[in-house]
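Visitor: Please work out how this folds:
(one chain, ligands or ions: 1)
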Amino acid sequence: MSEKYQNLIVGTGISGAVLARLLAEKCQSVLVIDRRSYIGGNCYDYFDESGINIHKYGPHIFRTDDEGIWCFLSRFTTWHEYIHKVRTKINSKEVPIPFNLSSIDILFEEPKAKIFKEKLILNYGENKKVPILELKKSADTDLKELANFVYENIFSHYTLKQWGFKPEDLGGDALARVPVYTSYYDGYFTEKYQAIPMPSYTKMFENILNHPNIEVKLNTEFKDLKNVKYERLFYSGPIDEFFDYKLGALPYRSLDFKFETLPQEKFQSVAVVNYTSKEPYTRITEFKHFLAQNNKKTTIAYEYPSGFELGKNERFYPIPKQENETLYKRYLELAKKEKNIYFIGRLGEYKYYSMQSAVSAVFELVKKLNPV
Ligand code: UDP
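Guide: Below is the predicted model:
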């Protein structure tokens, strides 16, 4: 006997889970499958032996300016309000990232600090986010000096480690995510809503997927699915894998995490410290900061970027380069020939989505679906 659903969704990450819920609430039947043994995709978290909440795939901080997205997710979780702060060490001094007016005060003496700050504000205005590659184009000698300093001490080594490319060889908006900020505000993000789901991301995903019209099957490969009939397929897995890599593999960056639980209350001042010099890792995350957990121990993770290799590690980041975008577009042409198949999410759309932008894309998709 075959099972019938109106929708099959491959992947229980944020795109798949939110889409499942939206369709289920429109009275559509939905089967969601995932090859992993747990839901949540790379948002998956768990509590370790010490009771500390761990983001298995690296730090995830939810933020949005969109009331609709915030209200929607708030139906499935309560939140721990959390302002994400990131620091790095330059010349033995801890400074905020994004590099901002306080970073200048910490690193430079007067009158230099005053000149840098005044010129930044004169040229770009107050509370403005200036991409480093734009700042580097400045004709002003002081701003050029500042840009070169920030480039060398924040972006150059980190980006080479993270992507395997120099900042100027990287396309897309990857670098603009972390601008130079002409402000004293020292949070990493500026969105109106910034929070971590309580008690966990995984619980939020469980609640999203908990609907009578949704069935979830874990440990299930799309290609092994037998006797299941569906009218529409939404695929949040890698688009190149779907087409058996017939045009070649889309490249990804991967991450390796080295977790350590230490017999001390605190390891560092904030949740994430970036290592922007020649260390082999890019950042250290101390997880207890996210939910302000009290614990005699602390768990940290060193983050080591590397290339993605099939069967060896996981896909984390599509690499924003023109040639990859071109290859993705060729896959998209193949996709357009298929009827009732939609590709969603970071891997389906080969897009460096953050959580809120993935949710937003799914909201838009559902508006366009006909019927529903
Ligand atoms: N970046 C950097 N130095 C930093 C932080 C970020 O060079 O200290 C660059 C780097 O190329 C990185 C990109 O900005 O990949 C985006 O950073 P973000 O923190 O948004 O990355 P994610 O948290 O998504 O890994």
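Visitor: So residue 26: helix, strand or coil?
Guide: coil (DSSP: H, G, I helix; E, B strand; the rest coil).
Visitor: Tell me who's in contact with the closest residue to it other than its chain neighbours.
Guide: Leaving aside its sequence neighbours, residue 26 sits nearest to residue 372 (Cβ to Cβ, 6 or more residues apart in numbering; 4.3 Å). Where C-beta positions appear, they are placed from N, C-alpha and C, glycine not excepted. Applying Cβ atoms under 8 Å, 6 or more residues apart in numbering, we find residue 372 in contact with 23, 26, 28, 366.
Visitor: so what pLDDT did residue 372 get?
Guide: pLDDT, residue 372: 78.
Visitor: ok, now how distant is residue 121 from residue 253?
Guide: Residue 121 is 35 Å from residue 253, where distance means Cβ to Cβ, to the nearest Å.
Visitor: okay, those two: which has more neighbours?
Guide: Set residue 121 next to residue 253 and count neighbours by other Cβ atoms under 10 Å: residue 253 wins out with 18 against 15.
Visitor: helix or strand for that one, which one?
Guide: strand 252-262 (DSSP states H and E).
Visitor: any residues touching that strand, and which ones?
Guide: So strand 252-262 is in contact with 48-50, 52, 54, 56-58, 162-164, 281, 297-309, 313-319, going by Cβ under 8 Å, 6+ apart.
Visitor: Go back to those and keep what's next to the ligand.
Guide: Restricting these to those adjacent to the ligand (criterion: Cβ under 6 Å from any ligand atom) gives 162-163.
Visitor: could you flag which of the contacts of strand 252-262 are buried?
Guide: 50, 52, 54, 56-57, 162-163, 281, 298-305, 308, 315-319 (16 or more other Cβ atoms under 10 Å).
Visitor: check contacts around the one residue in the stretch 251-372 of the chain that gets nearest to the ligand.
Guide: Ranked by Cβ to the nearest ligand atom, the top residue of the stretch 251-372 of the chain for proximity to the ligand is residue 274, at 3.8 Å. Contacts for residue 274 (Cβ under 8 Å, 6+ apart) come out as 86-88, 97, 154, 158, 282-283.
Visitor: now swap in residue 89 and tell me
Guide: So residue 89 contacts 95, 273, 275 (Cβ under 8 Å, 6+ apart).
Visitor: And the residues you listed, which is closest to residue 103?
Guide: residue 95 (4.2 Å; Cβ to Cβ).
Visitor: picking that back up, any chance of the contacts of residue 89 in CSV, with secondary structure and distance to residue 8 too?
Guide: Formatted as CSV, the contacts of residue 89 follow (DSSP: H, G, I helix; E, B strand; the rest coil; distance: Cβ to Cβ, whole Å):
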residue, secondary structure, distance to residue 8
95, strand, 49
273, strand, 42
275, coil, 42
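Visitor: From those, pick the one nearest residue 213.
Guide: Using Cβ to Cβ, those come closest to residue 213 at residue 273, 44.0 Å.
Visitor: Report the secondary structure element holding residue 60.
Guide: Here residue 60 is assigned to no helix or strand, by DSSP H and E.
Visitor: can you offset everything so residue one is 27?
Guide: New numbering, starting at 27: the last item is residue 86.
Visitor: Now do the contacts for the closest residue to it other than its chain neighbours.
Guide: With Cβ to Cβ, 6+ apart as the criterion, residue 86 has its nearest non-adjacent residue at 5.5 Å, and that residue is residue 69. The contact partners of residue 69, by Cβ under 8 Å, 6+ apart, come to 39-40, 81, 83, 86, 227, 231, 381.
Visitor: cool, residue 361 as well?
Guide: Contacts of residue 361 by Cβ under 8 Å, 6+ apart are 265, 269, 367, 369.
Visitor: buried residues in the helix or strand where it lies?
Guide: Under the criterion of DSSP H and E, residue 361 resides in helix 348-363. Neighbour-count burial for helix 348-363, with 16+ other Cβ under 10 Å as criterion, is recorded at 350-351, 353-354, 357, 361.
Visitor: Sounds good, over and out.
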